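Trainee: Based on what follows, work out the 3D shape:
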Amino acid sequence: MSPFPGFHFGQIDIVEVALAALLLTQRARIEAALRKLARHPAWCAALLCALVVLLRLALLPLHPVPTAEGADDFSYLLLGDTLAHFRLANPTHAMHQFFETTFVLQQPSYSSIYPIAQGLVLAFGQVFFGLPWAGVVLSMALVSGLCYWMLRGWTSPGWALVGGVIAVCDLGPLNSWMNCYWGGAVSFIAGCLAFGALPRLRQRARTRDAVILGFGVGLQMLSRPFESIFLDAAVVLFFLPELRRRAQWSRLARMALPAVLALLPCVALQLLHDQAVTGSPTVIPYALSRWQYGVPSTLTFQPLPVPHRALTPTQQLYYEGQSAVHGDGETPARYLARLRSRAGFCLFFLPAPLLVALPFFLVSLRSYRVAWIALTFAIFALGCNFYAYFFPQYVAGEACLFILAVLIGLQRLNQWKWRGRPAGHLAATFLLLLSGAHFVFWYSVHALGNERTLRTLAPLESDTGINFGDPEGRIAINRRLAQAPGRQLVFVRYFSEHGYHEWIHNAADIDAARVVWALELSPGENALLERYYPGRKVWLLEPDADPPKLIPYPKSSGPFLTVE
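Mentor: Next up, the predicted model:
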């Protein structure tokens, strides 16, 4: 297993190096084609967006529409379904005790605990395509197109196009954000909008760019409320040179007004969503879940939350697990240990060969623009480190800056000379081609390989972000329920050794759903739910069996659980 996710130093990489070497012989033609294309920015953006969509759709025969797996996916899908019904929250169900699950509120409303932005993406896909995943695909397409637009504000058209291609390869069809429902595309897009507007505003204070900046800041708030603080701080620091000069204050004020006006609709939507879900515009669903269920956990310098309602065994498992990761208090040693463990997260956003260019980025830190990029990295890294868990989507708002940093490093490397000869150009080109060869190789494996090939090579792919097979048995269970006639009621019975995989998930309109998933309680309570749903075929699902077991519901079975 390689220490670098998504890149390997074994026998299989000989193929990638050979492909990169072959492409190197054609570098003049490749560079000429890129320069010609770079003259047409609209076409470049459209091509990058379309490429992401087409490449992922081409994989559907072996990697179909992802099946939701686990509590996060289910909660986001509930949020999207709620918004697709043109409401911000759902009323508490009369039989809500059966539908208790992780990361979902039952009272004062039946709602997801997550911010609204990703739900809007899923709702768009559901409303216009009948498929929430369509929204995921389109949002990931925008990632590449808007990353290219952002980079054009910082660098030349040719290098911006190179950065857009990097985004396609690393954040495109094989990326885990593309193949789940709780991804980070919206936060990435917010960062592209905000950070792409900044250099344009410094060059020329146009209202259009100020509006884009304000909307980007607002979108980050709707996507990652906590991390939006870091993006806001980065924006302020970018204009620090202007803030220190009184003569620039009037110019900054002219930019601030349209930015604030663009931000206000996002603030209003946030307040309306909070009011609908929690009953208070100043209490976010995430915080209410923490008070009710004790999850998600608090920041590491805060005391552990205490649940204020009875937990199901699965909810208790999540609470105990998150409490253990949180620990019993923050110390400098723990903080630094977490920070070190997260040092390689940038490899989620960058091909490993391009790390060679980062030292050349550091050489450029004497420039305030470049130093600001490094400072933004530090703000996000230090701020997010106060949360015990870490996933790449937490820092998606700054992710476009990783690509920018690599491009700055590549530009410096490209100018490097050895004994008066331009050796750096060949090195920079080879690094880019090696990164492209890596993507081409693994994309070909996923597109052209059969089941045997994929299972053989999967252990060599240390960053397997795309769905394959049915590892949890969910597809088989869903297929069997889809084939059964009529409406279904599924009682879920967990074993005592149940792990972190949630199966209780329901639509926004539970009663209208074809399949209702319910936690098995006592015989008397189960009978009440059966009478509440007359005419439904009743099943018992044991997801902890290997494979998961689905049988007609027996009238006398135990053990049972009672939840108040």
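
Trainee: who touches stretch 366-384?
Mentor: Residues from elsewhere that reach stretch 366-384 (C-beta atoms under 8 Å, 6 or more residues apart in numbering): 154, 199, 227, 229-230, 233-234, 237-238, 241, 339, 342, 361-362, 364-365, 390, 394-395, 397-398, 401, 404-405, 408. For every residue, glycine as well, the C-beta is placed using N, CA and C.

Trainee: ok, now stretch 235-247?
Mentor: For stretch 235-247, the surrounding residues in contact (C-beta under 8 Å, 6+ apart) are 194, 198, 202, 213, 217, 248-249, 251-252, 368, 372, 375-376, 379.

Trainee: From the residues you listed, list just the buried residues.
Mentor: Buried members of these, counted by 16 or more other C-beta atoms under 10 Å: Ala194, Leu198, Arg202, Leu213, Val217, Trp372, Leu375, Thr376, Ile379.

Trainee: The fourth one is in what secondary structure piece?
Mentor: Secondary structure assignment for Leu213, by DSSP states H and E: helix 207-223.

Trainee: Could you tell me which residues within that helix count as buried?
Mentor: For helix 207-223, a neighbour-count test (16+ other C-beta under 10 Å) marks 209-223 as buried.

Trainee: Setting the sequence-adjacent residues aside, check what's closest to Val260.
Mentor: Using C-beta to C-beta, 6 or more residues apart in numbering and skipping the chain neighbours, the partner closest in space to Val260 is Gly214 (6.2 Å).

Trainee: Kindly report the same for Leu78.
Mentor: Per C-beta to C-beta, 6+ apart, closest to Leu78 is Ser112, 4.8 Å.

Trainee: same question, Leu47
Mentor: Excluding its sequence neighbours, the residue lying closest to Leu47 (C-beta to C-beta, 6+ apart) is Leu37, at 7.5 Å.

Trainee: Let's see the helix or strand that contains that neighbour as PDB, backbone CA atoms only.
Mentor: Using DSSP H and E, Leu37 sits within helix 27-38. Taking C-alpha atoms only, helix 27-38 is exported to PDB below (Å, rounded to 0.1, in the frame of the first residue of the first chain):
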ATOM      1  CA  ARG A  27       4.600  17.300 -25.800                       C
ATOM      2  CA  ALA A  28       4.900  19.900 -28.500                       C
ATOM      3  CA  ARG A  29       1.600  18.900 -30.100                       C
ATOM      4  CA  ILE A  30      -0.100  18.700 -26.700                       C
ATOM      5  CA  GLU A  31       1.100  22.100 -25.700                       C
ATOM      6  CA  ALA A  32       0.100  23.600 -29.000                       C
ATOM      7  CA  ALA A  33      -3.400  22.200 -28.700                       C
ATOM      8  CA  LEU A  34      -3.800  23.500 -25.100                       C
ATOM      9  CA  ARG A  35      -2.600  27.000 -26.100                       C
ATOM     10  CA  LYS A  36      -5.100  27.000 -29.000                       C
ATOM     11  CA  LEU A  37      -8.000  25.900 -26.700                       C
ATOM     12  CA  ALA A  38      -7.000  28.300 -24.000                       C
END
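
Trainee: My read is that the residue nearest to Val260 contacts Ala259, right?
Mentor: Yes - contact criterion C-beta atoms under 8 Å: Gly214 and Ala259 qualify, at 3.5 Å.

Trainee: May I have stretch 291-308 as CSV, with CA atoms only?
Mentor: Extracted in CSV, the C-alpha atoms of stretch 291-308 (Å, rounded to 0.1, in the frame of the first residue of the first chain):
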residue,chain,number,x,y,z
TRP,A,291,-28.2,18.6,22.4
GLN,A,292,-30.8,15.8,21.8
TYR,A,293,-28.5,12.9,20.8
GLY,A,294,-25.0,13.9,21.8
VAL,A,295,-23.9,13.7,18.2
PRO,A,296,-22.1,15.1,16.3
SER,A,297,-19.6,15.7,19.1
THR,A,298,-18.3,19.1,20.2
LEU,A,299,-15.0,20.8,19.4
THR,A,300,-12.1,19.3,21.3
PHE,A,301,-11.8,22.2,23.7
GLN,A,302,-15.4,21.9,24.7
PRO,A,303,-16.9,19.4,27.2
LEU,A,304,-18.5,16.3,25.7
PRO,A,305,-22.2,16.7,25.0
VAL,A,306,-24.8,14.9,27.1
PRO,A,307,-27.8,13.3,25.3
HIS,A,308,-31.2,14.6,26.4
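
Trainee: Thanks a lot, see you next time.
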